[in-house]
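Participant: requesting a structural model of the entry that follows:
(3 chains)
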Amino acid sequence: MSNKPTTYDRIYEIVKQIPKGMVATYGQIAELSNLAGKARVVGYALYRIDMKTLDIPWQRVVNAKGEVSLSPLRYGTDYLQRSLLESEGISFSDVGKIDLRKYLWQPKKEF
DNA sequence: AAAGTGACTGTTA
DNA sequence: TTAACAGCCACTT
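Facilitator: So this is what the prediction gives:
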């Protein structure tokens, strides 16, 4: 009956929990999804999302350096990501970095 | 079924 | 400080 949640499903569920105005890193999402150390899989999962929908706040996931990860495969959606984050009140430094000390999501330890 | 790919990360120099 | 390497594994072909 019930579909087993796939790896990606778990990732998406975690991403949905990131509050507005905060960001999380790929590694952090991986850990919370029981995929510790597999940050690349998170990146791949997010790449599969339809960017036109904000059903999943994909824009709130950045790399460990506090930057939007650039890739030629994104066709400019990286700029969209930055724009969306700025409109949520997150500011970027002059080299395009986010201050993680200030904006990094700190999920309560649960369970 | 085996090999290639990648929105990453921590370590090393 | 930044830059280069290797490790990681799910998905695609």
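Participant: any weak-confidence spans in chain A?
Facilitator: In the predicted model, chain A carries pLDDT under 70 at residues A:1-3, A:109-111.
Participant: just want the most central residue of it.
Facilitator: For chain A, the residue nearest the mean C-alpha position is residue A:61 (1.8 Å; Cα atoms, centre = their mean).
Participant: just the helices in chain A please.
Facilitator: A:7-15, A:26-32, A:39-47, A:77-87, A:100-103 (DSSP state H).
Participant: can you pull the contacts of the residue nearest to the centre of chain A?
Facilitator: For residue A:61, the contact set (Cβ atoms under 8 Å, 6 or more residues apart in numbering) comprises A:15, A:18, A:23-26, A:29, A:42, A:46. Quick note: C-beta positions are derived from backbone N, CA and C, even for glycine.
Participant: residue contacts, the residue nearest to residue A:33 when sequence neighbours are not counted?
Facilitator: Once flanking residues are discounted, residue A:33 sits nearest to residue A:10: 4.4 Å by Cβ to Cβ, 6 or more residues apart in numbering. By Cβ under 8 Å, 6+ apart, the contact set of residue A:10 is A:33-35.
Participant: how far off centre is stretch A:5-20?
Facilitator: For stretch A:5-20, the gap between its own C-alpha mean and the chain's C-alpha mean amounts to 9 Å (Cα atoms, centre = their mean, to the nearest Å).
Participant: stretch A:5-19 near DNA strand B at all?
Facilitator: No. Using Cβ under 7 Å from any atom of the strand, stretch A:5-19 stays clear of DNA strand B, coming no nearer than 9.7 Å.
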